[in-house]
Every structure is written in C-alpha cells, then in structure tokens.
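In: quick one, structure for this:
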Amino acid sequence: MDINWIWVPNKSIGCFYFDQKIDVKSLPFQCEEVKSSDESGEWSTFEIIGDASRFSVENNILISVECVNNFVYKGINLIGISLENFLDLFDDEFVTVDNWDDGKELCCRELGIIVWIEEGLVESISVSS
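Out: Here you go, the predicted model:
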C-alpha cells in the first residue's frame with residue numbers, strides 16, 4: 001500500500017486533516033475498527049489494512065494518526081532514523097515522557113507529536129493537532 005505520509009505540523013499527515021470531519025467509508029484505502037469507546041461510538045480507532053498505521057476519531061472528527069512504516073517530514077522518512085538525527089530536524093523541545101529497558105517515549109506538545117524510540121531508533125510516531 002502506497003500512502004503519502006507527509007506531515008504538516010498541527011495540520012495534516014498524508015490525506016488526514018486534524019480536527020476535520022472524516023468519513024471512514026470514503027477513504028482511498030481499507031481500514032478496520034480495532035477499538036471503540038462504547039456502544040455510543042463516540043470515539044474509535046481504526047487500523048489501515050496493509051499498513052499497520054492507525055487513526056482515531058471522536059464524534060467523526062480526526063483526533064490522531066499513528067505511523068509505523070512511513071512518516072515524512074522535510075523530505076525524510078523519520079521511521080528508522082536515529083534519535084540524534086531526529087532531534088536535529090526540530091527547533092522545538094522534546095521531553096521524555098517514559099523510559100523502559102531499551103526505549104523511551106518523547107513528546108512535543110507544541111507540535112502535537114509523540115515519538116517512540118527503540119534501541120536508539122525511531123520506531124513509530126503519533127501526531128495530532
């Protein structure tokens with residue numbers, strides 16, 4: 001599956017625009033619901049079939065997108081690059097939210113980004129507005 005995962009901070013990632021209504025059935029790819037809040041369906045998380053990336057909606061509004069294979073910023077796919085190279089791309093400050101054996105979770109609220117690092121490399125990235 002070839003999805004354009006270009007990130008525009010606080011605005012969009014690929015074909016997803018934050019804080020905008022989203023019609024899951026009209027997306028240009030297949031996805032399946034993997035989590036739901038309750039029977040009311042106020043929020044749900046969907047996985048993109050063939051990509052493993054996920055996105056969450058609340059009351060049909062896009063809230064966040066998690067990318068695990070591709071995440072392009074400044075022409076560079078950030079998935080798989082070193083933490084040092086990742087941080088060099090930003091002027092904003094990232095703070096460590098959590099640490100574990102050989103990984104950590106970083107976040108920058110101003111950019112709406114959460115980054116998971118494993119063995120010194122970017123493993124996945126979640127973005128929101």
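In: what's across from the closest residue to residue 113 other than its chain neighbours in the sheet?
Out: Here the nearest residue to residue 113 in space, its sequence neighbours aside, is residue 127; by Cβ to Cβ, 6 or more residues apart in numbering that works out to 5.1 Å. C-beta: built from backbone N, CA, C; applies to glycine. When bridges are assigned using DSSP bridges, the partners listed for residue 127 are residue 65, residue 113.
In: give the pairing partners of the lowest-mean-pLDDT helix or strand in the chain; include direction for each.
Out: Ranking every helix and strand in the chain by mean pLDDT, DSSP states H and E puts strand 31-36 at the bottom, with a mean of 85. With DSSP bridges as the criterion, the sheet partners recorded for strand 31-36 are strand 43-48 (antiparallel).
In: residues of the least confident helix or strand of the chain that come out buried?
Out: If you call a residue buried by 16 or more other Cβ atoms under 10 Å, then strand 31-36 has these buried ones: residue 31.
In: now stretch 13-25
Out: Neighbour-count burial for stretch 13-25 [16+ other Cβ under 10 Å]: 13-14, 16, 18, 22.
In: now that stretch, how far from the centre of its chain.
Out: Between the mean C-alpha location of stretch 13-25 and the chain-wide mean there is a distance of 12 Å, by Cα atoms, centre = their mean, to the nearest Å.
In: same check, this time on stretch 42-62
Out: In terms of Cα atoms, centre = their mean, the centre of stretch 42-62 is set 10 Å apart from its chain centre.
In: list of residues touching it?
Out: Identification of contacts with stretch 42-62 by Cβ atoms under 8 Å, 6 or more residues apart in numbering yields 1, 3, 5, 16-24, 29-37, 63-69.
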